[in-house]
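Student: Build the 3D model from these lines:
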Amino acid sequence: MAHKAIRMEVAEFQDTFFPLPDDVTADRRPQWPAGIFNELAAGDKLTEQDIQTRFVTAINDNDLMPGLKMSTSSDKPDVTDIGNFKQKPDAAIFKADSVPTDGRPHWADQLVTVEFKRYTTSQDPFDDRKDDGFDSDAETRKEVRGQLIDYAELVFRVQHRTALFMILVINRNVRVLRWDRSGTVVTRAFDYVDQPQTLCEILWRMSLLSDEQLGMDTSATRLHPGDTDYNLMDFLALQAPDDLASEERMLKPDELKTDRPVLAHVRDKFREAVSSNWPRYRVEVPSGNTTRIFLVGKPAFYTHGMACRGTKGFVAWDTQAQRFVWLKDAWRLDYERMESEGAILRKLNAKGVINVPTLVCHGDIRNQKTRTPDIWEARQPIPSAPSGTLSASPSATLVNSSASSTSAPRKRSSGQMEVDETLGGEEEYTLRRHAHYRIVVEEIGKPLSDFRRGRQLVGVIMDCVQAHKDAVMKANVVHRDISSGNILILPTVMYDENGGNPYVSWQGLLTDWELSKPIHEAEPLLRPRQPPRTGTWQFLSVGMLTENPKTVEIPDDLESYLHVLLYFSVRYLNSDCKDPAEFIESYFDSYTLQGGVYKCGARKREVIKVAGKLTVGDGVPLFFQSPMDDIFSELLPVFKAYYKVQDHLKARTTTAEPPPEPIEPPSSPTIPSSPTSAMEERRHSRALKALPARKKWASYSDDEPTDAEKHDAALLADHDFVLSTLYNAFRSKKRWGLDKVKDRVPIDYKPQVPLAIARGASARTMKRRKTDVAAPVPPTFSSLPPRLTQSEVPKAG
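Tutor: Model (predicted):
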């Protein structure tokens, strides 16, 4: 939609969100002094600190919120490790028995966040003078709005929340805000000095609200030191004698003490979750007609942003099965006929799809849904959406819509890179609906960035391509969100073909199926199950970033695998690329703006559609000096041919260059084979037998696709050619070496071209986070063939 903030009159806000309890009538309200806020009448003559101190004093001294107290915290950040950016909101409202006395925010205990500003006009993020476009466009106002978004995001991250109320005091004016995962409802500003009874009524009603009405998630119960489950979590964080190291290696005869050992990376993640000062909870997850209980601490993963799905991932303790599991908490898109991720996983598991998570339980949480879309839709008629569209994400409106329709290269702002964006510049017609949802799976994996060698990286991605193929062939489902965070590594105990010689092998798992969709719907829907351009911007195909709307097809997801492989290769492997940070920025983060709509960046389009080869400036080829070069030199020309055929079919022409000459990278020392290596090749060979051979290049230059181009384009109709290309490189051990290096993107790297300015985002939000692209999502996996060569397997004993 066009504006995430919805203005509401004060009386309506009060009646909608702060209703009086059934046993309390309006005539029972206290009698408040008429001049309760007279100490703040001086207005602009007061400093922000003066306003804050006098306001808080007036609230507490007059007991305007029985059972609650307001406490200041503007000078000191939280002493915990909550939030690396050390946010310091001016004040917050707490329960009377939990009021902090150290002047710190105490994010885990805040009920209502409070912020103070001195200047009425320049620091008010909203403009009551505007009926259309409530959010103000002035830079200083947008900075304040971004600051408020940061605060709301942090409270939702630390606590288990359905909504958050916030009070914004701007000199003599005040606004009350309500945040949820769909947007924000904001009152009109009013003068609390002249209208003290209005603010007193709001605060009194707020004190009468239940925890649920205040936006607390009542399916999550806070644990405190001394509680039985709190102590249990401390115990579970201790290393056990039968824990198994997660590193790839052959196991010693006495090392495997149990059939289901806890792997070290799992115990380490749980220990990290409870050794911090983050709050701990007992959380409920539906399981059929019953409810299961899980213990969680600090999330191992969380997404950034407010108006989004707000995904958090936990290494959790299953109190019923007595084991560690992976629990994902998210606000899923809530539309008719949209399957939940758990329902999709159940189908994939039942069909025997390999290399995907194993479902434990899942379900919507207590019918908790965002309320902001209902308020928006009740306020204005919804125009007919263009054919094939549902609506764009609220986050898509963060960028200034006054941008020109040029195609100059730019980069997406970090606030616009959410997985569930439509990524278009067009106006939205409604806010997205979200429902609170949790899903639990058996496996707990490692982020893809933990790979140790290029060969291992290829093997993990190959496993996930095989999972994608299996899902298409057996369940008729296409993933639609192939990205770095959804391809994971699972250390797995494996055995040789005779059931002996155990070893730990790192396998690949394709996770996060929530955006997946049947390839062919049984019947046409009146509107898409999800917005047409879903996925993670950096790894979307050129076609998905160019056409809007476009249905995700097999070639699109296959291209996304290619982008993931390229990203990790450039960032973590030895290569001729002198400036990996600049390459990643220009290839993965950039975009063009055409007619107000975000389109594919110039460099990605050049590589995939025009050149069909990798270069690092002035046409110099990019080499990794390993079989990785073979993968890119085989796949890139095929994608180039595919787009030429597709463009021709759509009666458009693209100037195509001749395919590149065969690449012969420098040779590297031979790595000897090993019994496990031979076994994994036989395993893959059986799985990938009868794949089509790669046709040699023919010479072509006309716009009309040649037979050779049509042949190559057809290779992307299924997964076999990509799988065979990966496998051929994977088994080419003669030139694989120990090629991974430390992260080649400096931690203090700053984008060379400023990111698009996001409406309402703060300077912190706009900085390119080092982990934004490859955000790890510890997941789940299944067993796969060994990945070890002789040089990679430490000797037992």
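Student: element containing residue 149?
Tutor: Using DSSP states H and E, residue 149 sits in helix 139-158.
Student: tell me the average confidence for that helix?
Tutor: Helix 139-158 shows a mean pLDDT of 92.
Student: Show me what that helix is packed up against.
Tutor: strand 112-117, strand 164-170, strand 173-180, helix 763-766 (3 or more CB pairs under 8 Å, 6 or more residues apart in numbering; DSSP states H and E). Every residue, glycine included, has its C-beta placed from N, CA and C.
Student: Return the member of these having the minimum mean pLDDT.
Tutor: Among the helices and strands packed on helix 139-158, helix 763-766 carries the lowest mean pLDDT, a mean of 33.
Student: follow-up on the earlier one: of all the helices and strands packed on helix 139-158, which one is nearest residue 615?
Tutor: helix 763-766 (29.6 Å; CB to CB).
Student: still on that earlier bit, would you indicate which residues of the helix holding residue 149 are buried?
Tutor: Neighbour counts over helix 139-158 (16 or more other CB atoms under 10 Å) mark 141-158 as buried.
Student: Could you do stretch 481-501 as well?
Tutor: Using 16+ other CB under 10 Å as the test for burial, stretch 481-501 gives 481-494, 501.
Student: Same check on stretch 607-624?
Tutor: For stretch 607-624, a neighbour-count test (16+ other CB under 10 Å) marks 607-616, 621-624 as buried.
Student: Kindly report the same for stretch 224-244.
Tutor: 229-230, 233, 236-237, 243-244.
Student: Which one of those residues is nearest to residue 74?
Tutor: Checking the buried residues of stretch 224-244 against residue 74 with CB to CB, the nearest one is residue 230 at 31.0 Å.
Student: hang on, the earlier thing: residue 121: which of the buried residues of stretch 224-244 is nearest?
Tutor: Set against residue 121, the nearest of the buried residues of stretch 224-244 by CB to CB is residue 230 (48.4 Å).
Student: will you turn the helices and strands packed on helix 139-158 into TSV that also has distance to residue 103 and mean neighbour count?
Tutor: Shown next, in TSV, are the helices and strands packed on helix 139-158 (distance: least, CB to CB, whole Å; neighbours: other CB atoms under 10 Å):
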stretch	distance to residue 103	mean neighbour count
strand 112-117	14	24
strand 164-170	18	24
strand 173-180	23	24
helix 763-766	22	16
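Student: where does this protein dip in pLDDT?
Tutor: Under the criterion pLDDT under 70, the flagged ranges of the chain are 1-3, 79-86, 130-137, 381-429, 520-533, 651-702, 753-797.
Student: Return the member of the buried residues of stretch 481-501 nearest to residue 313.
Tutor: Using CB to CB, the buried residues of stretch 481-501 come closest to residue 313 at residue 485, 9.9 Å.
Student: how about the closest one, phi and psi?
Tutor: Residue 485 has phi and psi values of phi -80, psi -10 when expressed as degrees, to the nearest 10.
Student: and if you look at residue 351?
Tutor: Phi and psi for residue 351, reported as degrees, to the nearest 10, are phi -80, psi 0.
Student: swap in the one 10 residues further on?
Tutor: The phi/psi pair for residue 361 (degrees, to the nearest 10) reads phi -160, psi 170.
Student: The one 10 residues further on too?
Tutor: Torsion angles at residue 371 (phi, psi; degrees, to the nearest 10) stand at phi -100, psi -20.
Student: Kindly reformat the helices and strands packed on helix 139-158 as a markdown table containing distance to residue 647.
Tutor: Converted to a markdown table, those look like this (distance: least, CB to CB, whole Å):
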| stretch | distance to residue 647 |
| --- | --- |
| strand 112-117 | 51 |
| strand 164-170 | 48 |
| strand 173-180 | 43 |
| helix 763-766 | 35 |
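Student: For the stretch 501-650 of the chain, which segments count as helices?
Tutor: With DSSP state H, counting those that start in this stretch as the criterion, the stretch 501-650 of the chain has helices at 542-546, 554-572, 580-584, 602-605, 628-649.
Student: Among those, which comes closest to residue 594?
Tutor: Evaluated with CB to CB, the helices of the stretch 501-650 of the chain place helix 542-546 nearest to residue 594, the distance being 9.2 Å.
Student: and that closest one, how far out from the chain's middle?
Tutor: Relative to its chain's centre, helix 542-546 lies at 20 Å (CA atoms, centre = their mean, to the nearest Å).
Student: re the thing from before, what's the farthest-apart pair in the buried residues of stretch 481-501?
Tutor: Applying CB to CB across the buried residues of stretch 481-501, the maximum distance is between 481 and 501, 37.4 Å.
Student: what about residue 601, neighbour count?
Tutor: Residues near residue 601, counting by other CB atoms under 10 Å, number 24.
Student: ok, now which ones touch residue 267?
Tutor: Taking CB atoms under 8 Å, 6 or more residues apart in numbering, we find residue 267 in contact with 237, 239-240, 243, 324.
Student: Counting neighbours, what do you get for the residue lying closest to residue 377 once chain neighbours are set aside?
Tutor: Nearest residue to residue 377 in three dimensions, chain neighbours excluded: residue 430, at 5.8 Å (CB to CB, 6 or more residues apart in numbering). Burial of residue 430 is recorded as 18 neighbouring residues (other CB under 10 Å).
Student: do you know how far residue 430 is from residue 171?
Tutor: Residue 430 is 34 Å from residue 171, where distance means CB to CB, to the nearest Å.
Student: what's the residue closest to the geometric middle of this protein?
Tutor: With distances taken as CA atoms, centre = their mean, the residue of the chain nearest its centroid is residue 303 (4.2 Å).
Student: Quick check: that residue vs residue 154, distance?
Tutor: Per CB to CB, residue 303 is found 13 Å from residue 154.
Student: Contacts only, for the closest residue to residue 379 other than its chain neighbours.
Tutor: Distance criterion CB to CB, 6+ apart; nearest residue to residue 379, sequence neighbours excluded, is residue 6 at 6.9 Å. For residue 6, the contact set (CB under 8 Å, 6+ apart) comprises 134, 183-186, 372, 375-376, 379.
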